[in-house]
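Q: Sequence plus predicted model, see below.
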Amino acid sequence: MGQGIWADARTPDPQARGLEGQDLASSTLNSRAPRSEPELSVIRHGPMALRLRQQLPALQQLLDDNSFWAAGRSRKQLTRMLGGSQAVVSAWRGQRLVGFGRASSDGVFRAVLWDVVVAQDHQGQGLGRRLVEQLLEAPALRGVERVYLMTTNSSGFYLQLGFQPVGSQRLMLKTSG
């Protein structure tokens, strides 16, 4: 898995916990990077995603810089998006947000992964896999019958995680406006 191995922590990283009192899970990626570089923490947020609500500029920047589909979202839209997501994960290198993902679900039959994003300088190191794993392990998704996602150019990545193309269904779209 790239340069390091995952070690699950029993409690969230103290630095992250100070900003997000309701984190449900945290893990760190121990890398062979110089010790001066902060550890990478992956956090599964509680229902309010408080740390991300306090860090909306960082989330906005991550999405603007690393996704074409989520660029240009306002802070008000991001706040509403977080409130409507049943599962939210983020990855931090010290105080820098380097990964994000979210999901919505009915908790029984269906769930959808949305906005899985990893900063370009952190791609190819297993971080995207860890974000998806944390989403799938979230209480709102654990055990649902089917988990869907839409991707434009990352199908190879999701195939490695056990997702399969669906030819029997057709993606339909209705836009507002």
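A: Received the coordinates, thanks. Numbering: from 1, shown residues only.

Q: can we go C-alpha only for contacts and neighbour counts from here?
A: Will do.

Q: could you dump the helix or strand harbouring Leu136 to PDB, C-alpha only?
A: Assigned by DSSP states H and E, Leu136 falls within helix 127-137. Extracted C-alpha coordinates of helix 127-137, given in PDB (Å, rounded to 0.1, in the frame of the first residue of the first chain):
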ATOM      1  CA  LEU A 127      -5.400   7.000   0.800                       C
ATOM      2  CA  GLY A 128      -8.400   6.800  -1.500                       C
ATOM      3  CA  ARG A 129      -8.800   3.100  -0.600                       C
ATOM      4  CA  ARG A 130      -8.700   4.000   3.100                       C
ATOM      5  CA  LEU A 131     -11.300   6.800   2.600                       C
ATOM      6  CA  VAL A 132     -13.700   4.300   0.800                       C
ATOM      7  CA  GLU A 133     -13.100   1.600   3.500                       C
ATOM      8  CA  GLN A 134     -14.000   4.100   6.200                       C
ATOM      9  CA  LEU A 135     -17.100   5.100   4.400                       C
ATOM     10  CA  LEU A 136     -18.200   1.500   3.900                       C
ATOM     11  CA  GLU A 137     -17.600   0.800   7.600                       C
END
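
Q: Pull out the buried residues from that helix.
A: 127-132, 134-136 (16 or more other Cα atoms under 10 Å).

Q: Pipe the residues you listed into JSON lines and attach pLDDT per row.
A: As requested, the buried residues of helix 127-137 are exported to JSON lines (pLDDT from 0 to 100):
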{"residue": "Leu127", "pLDDT": "97"}
{"residue": "Gly128", "pLDDT": "97"}
{"residue": "Arg129", "pLDDT": "97"}
{"residue": "Arg130", "pLDDT": "97"}
{"residue": "Leu131", "pLDDT": "98"}
{"residue": "Val132", "pLDDT": "97"}
{"residue": "Gln134", "pLDDT": "97"}
{"residue": "Leu135", "pLDDT": "97"}
{"residue": "Leu136", "pLDDT": "96"}
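
Q: I'd like the residues you listed as TSV, with distance to Gln55 appended.
A: Shown next, in TSV, are these (distance: Cα to Cα, whole Å):
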residue	distance to Gln55
Leu127	20
Gly128	20
Arg129	23
Arg130	21
Leu131	18
Val132	21
Gln134	20
Leu135	20
Leu136	24
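
Q: so what's Leu135 up against?
A: The contact partners of Leu135, by Cα atoms under 8 Å, 6 or more residues apart in numbering, come to 44, 87-89, 101-103, 113, 141.
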